[in-house]
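Q: I would like to see how this sequence folds:
(one chain, ligands or ions: 1)
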Amino acid sequence: MTAIHSPLSSSMYVGRFAPSPTGPLHFGSLIAALGSCLEARRQKGRWIVRMEDVDAPRTISGAADIILRQLEAFGFEWDGPVLYQSTRLNRYREVLEDLIARGYAYPCACTRAEMADAPFARDGSRRYAGTCRNGLPSGREPRAWRLRTEPGDISFVDAIQGACHEDVFADTGDFVLLRADGQFAYQLAVVVDDAAQGVTHVVRGADLLDSTARQIYLQRLLGYPALHYAHLPVAVNKQNEKLSKQTKADALDVRLPAPALRAALSFLGQRPPVDLVTASLREIWDWASEHWDMAHVTRLRTIQL
Ligand code: GLU
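A: Modelled structure (predicted):
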């Protein structure tokens, strides 16, 4: 099950940007793209782009191409081909079957309505009480597949947010690997692909900090290498909502990349000099590549715009 790495790639920094093509990129996604890219370049590593179109119902047709065009217009250059998660379903199924064969995954018949009174997990989902853990109640049909979790602390040191720990069993409980609508869960897909692509460092928005322990839990179960994490502050609007398609964030304007790139650098605690206000996109990238320092990124999980 362990992903195969060449000796070269196993010692090399591999970072990634993994947008979900649910719409065009906005300022919030630019932060994650820029932070992950600059850190990879700083470490003389590779930086790859993975299209997380595993959630078919949420994927918007044409959005992946728009995202790639936006990245190009903003001066991003990624290494190697873009991996589309929609092409990886057989691999996710193999991994799920392996977990089932090893007794770690089990079918679950519970509906959302039946879990409505369960306590909240940190990420706002409902903690699963384990109703179907020891077999489906009689007469019930399987809907989703869940991972059987055991109590125990998962701890990691995030390069920005510091020491973090979580007991996955206590917090989220047995989490979903294959959803009731037949879609593979983000948690499974992201872990399988990070390992398959030889990713070593994950730099992404702090909204995903609460998913990290579950991902580490799965990595360990699958015998995958441990990753380094850095969670960047997330841009929120005046209502404290993360910028997203749902909160009607403006798409990045490909005709005006320079001001947005400068604003993203400032958001990330870098201090672009005033004369960069009139600089070209190339000059901004040159300055950023030379001066990027993750130590300047604030430890806050959100910053209001
Ligand atoms: N696809 C996820 C998103 O756009 C990011 C996944 C990740 O970076 O782990 O929110």
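Q: tell me how many other residues surround G223.
A: G223: 10 surrounding residues under other C-beta atoms under 10 Å. (Glycine included, C-beta is placed from N, CA and C.)
Q: in the stretch 1-150 of the chain, which spans are strands?
A: Assigned by DSSP state E, counting those that start in this stretch, the stretch 1-150 of the chain shows strands spanning 14-17, 46-51, 83-84, 105-108, 144-147.
Q: just put those in JSON lines and tack on mean neighbour count.
A: Listed next are these as JSON lines, based on neighbours: other C-beta atoms under 10 Å:
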{"stretch": "strand 14-17", "mean neighbour count": "25"}
{"stretch": "strand 46-51", "mean neighbour count": "22"}
{"stretch": "strand 83-84", "mean neighbour count": "16"}
{"stretch": "strand 105-108", "mean neighbour count": "21"}
{"stretch": "strand 144-147", "mean neighbour count": "22"}
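Q: any chance of TSV for those, columns mean pLDDT and distance to the ligand?
A: Compiled in TSV, the strands of the stretch 1-150 of the chain are given as follows (pLDDT from 0 to 100; distance: least, C-beta to the nearest ligand atom, whole Å):
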stretch	mean pLDDT	distance to the ligand
strand 14-17	98	7
strand 46-51	98	8
strand 83-84	98	12
strand 105-108	98	21
strand 144-147	98	17
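Q: sticking with the residue in the stretch 201-305 of the chain that the ligand sits nearest to, tell me its helix or strand.
A: With C-beta to the nearest ligand atom as the measure, R204 is the residue of the stretch 201-305 of the chain nearest to the ligand, at 3.7 Å. For R204, the host element (DSSP states H and E) is strand 201-205.
Q: any part of the following helix or strand past that strand near the ligand?
A: Of the helices and strands lying after strand 201-205 in sequence (DSSP H and E), the nearest is helix 209-222. No: residues of helix 209-222 are not located near the ligand by C-beta under 6 Å from any ligand atom, the shortest gap being 7.3 Å.
Q: from the chain's centre, how far out does stretch 248-266 sit?
A: 21 Å (C-alpha atoms, centre = their mean, to the nearest Å).
Q: list the buried ones in that stretch?
A: By neighbour count with 16 or more other C-beta atoms under 10 Å, stretch 248-266 contains the buried residues A249, L252, V254, P257, A258, A260, L261, R262, A263, A264, L265.
Q: now do stretch 91-104
A: For stretch 91-104, by 16+ other C-beta under 10 Å, it's Y92, V95, L96, L99, Y104.
Q: near the ligand, from those?
A: Counting by C-beta under 6 Å from any ligand atom, no member of those is near the ligand.
Q: and those residues, which is closest to R148?
A: Nearest to R148 among the buried residues of stretch 91-104 is Y104, at 5.3 Å by C-beta to C-beta.
Q: can you list contacts of stretch 173-183?
A: 54-57, 96, 99, 105-106, 108, 111, 121, 127-130, 133, 143-149, 168, 184-185, 187-188, 214 (C-beta atoms under 8 Å, 6 or more residues apart in numbering).
Q: and these, which of them are in helices?
A: L96, L99, V168, Q187, L188, R214 (DSSP state H).
Q: and those, which is closest to T87?
A: The closest of those to T87 turns out to be L188 (C-beta to C-beta; 15.4 Å).
Q: for the closest residue to L227 other than its chain neighbours, give me its contacts.
A: Once flanking residues are discounted, L227 sits nearest to V202: 5.3 Å by C-beta to C-beta, 6 or more residues apart in numbering. V202 makes contact with G15, R16, D194, L227, H228, Y229, A230, according to C-beta under 8 Å, 6+ apart.
Q: can you pick out the most distant pair from the residues you listed?
A: Using C-beta to C-beta, the pair of the contacts of V202 lying farthest apart is D194 and A230, separated by 14.0 Å.
Q: how about the contacts of V202 in TSV, adding secondary structure?
A: Output for those, formatted as TSV (DSSP: H, G, I helix; E, B strand; the rest coil):
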residue	secondary structure
G15	strand
R16	strand
D194	helix
L227	coil
H228	strand
Y229	strand
A230	strand
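Q: where does pLDDT dip in the stretch 151-300 of the chain?
A: For the stretch 151-300 of the chain, no stretch is flagged by pLDDT under 70.
Q: tell me where it has helices.
A: Assigned by DSSP state H, counting those that start in this stretch, the helices in the stretch 151-300 of the chain fall at 168-171, 186-196, 209-222, 257-267, 281-291.
Q: now for the shortest one, which elements pack on it?
A: Spelled out, it's helix 168-171. If you count contacts as 3 or more C-beta pairs under 8 Å, 6 or more residues apart in numbering; DSSP states H and E, helix 168-171 packs onto helix 209-222.
Q: with only the CA atoms kept, save the helix it packs on in CSV.
A: Taking Å, rounded to 0.1, in the frame of the first residue of the first chain, the C-alpha atoms of helix 209-222 are listed here in CSV:
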residue,chain,number,x,y,z
LEU,A,209,-6.7,22.4,10.1
ASP,A,210,-9.6,20.4,11.6
SER,A,211,-9.3,17.8,8.8
THR,A,212,-5.6,17.2,9.4
ALA,A,213,-5.8,14.8,12.3
ARG,A,214,-8.2,12.6,10.3
GLN,A,215,-5.8,12.7,7.3
ILE,A,216,-2.9,11.7,9.5
TYR,A,217,-5.0,8.9,11.0
LEU,A,218,-5.7,7.5,7.6
GLN,A,219,-2.0,8.0,6.4
ARG,A,220,-0.8,5.9,9.3
LEU,A,221,-3.4,3.2,8.7
LEU,A,222,-2.3,3.0,5.1
